[in-house]
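Novice: dropping the sequence and predicted coords here.
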Amino acid sequence: MPHYITLFRFTQKGAEDIKGGPARLDAAKKGIEAAGGKIKGFYLTMGRYDAVAVVELPSDEAAAKIALANASRGSIRGETLRAFTEEEYRKLIASLP
């Protein structure tokens, strides 16, 4: 199943309601599970981004749908990256001419 890494920044709205963050994370987990995926890790971070999530989802379309749904709530802005596992990386490299 494809993996995705999302780098999050809180919006002003999200920062003002920071105590609601855990409930929003729980709702996001349920949405990801309903889409056939799973959160592999969630991290609060310091620096340019406020949080990072590593997620498995069945397709790029499912990842896009989740990203749009999360953004529409207005508490976060995210940048989602398609991530390849070490096994996928090695397979890609081995297939090069």
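Specialist: Perfect, thanks for sending it.
Novice: so where do the strands sit in the protein?
Specialist: Ranges of strands in the chain, per DSSP state E, are 3-10, 38-44, 51-56, 76-83.
Novice: export those strands to a markdown table and tack on mean neighbour count?
Specialist: C-beta here means a position set from N, CA and C on the backbone, and glycine is covered the same way. Converted to a markdown table, these look like this (neighbours: other Cβ atoms under 10 Å):
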| stretch | mean neighbour count |
| --- | --- |
| strand 3-10 | 18 |
| strand 38-44 | 12 |
| strand 51-56 | 19 |
| strand 76-83 | 15 |
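Novice: so which of those is nearest Y89?
Specialist: Among those, the nearest to Y89 by Cβ to Cβ is strand 76-83 (9.7 Å).
Novice: now the strands of the chain as CSV including distance to G20 and mean pLDDT?
Specialist: Converted to CSV, those look like this (distance: least, Cβ to Cβ, whole Å; pLDDT from 0 to 100):
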stretch, distance to G20, mean pLDDT
strand 3-10, 11, 97
strand 38-44, 15, 97
strand 51-56, 14, 98
strand 76-83, 12, 96
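Novice: and those as TSV, adding distance to D17?
Specialist: Listed next are the strands of the chain as TSV, based on distance: least, Cβ to Cβ, whole Å:
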stretch	distance to D17
strand 3-10	9
strand 38-44	16
strand 51-56	15
strand 76-83	11
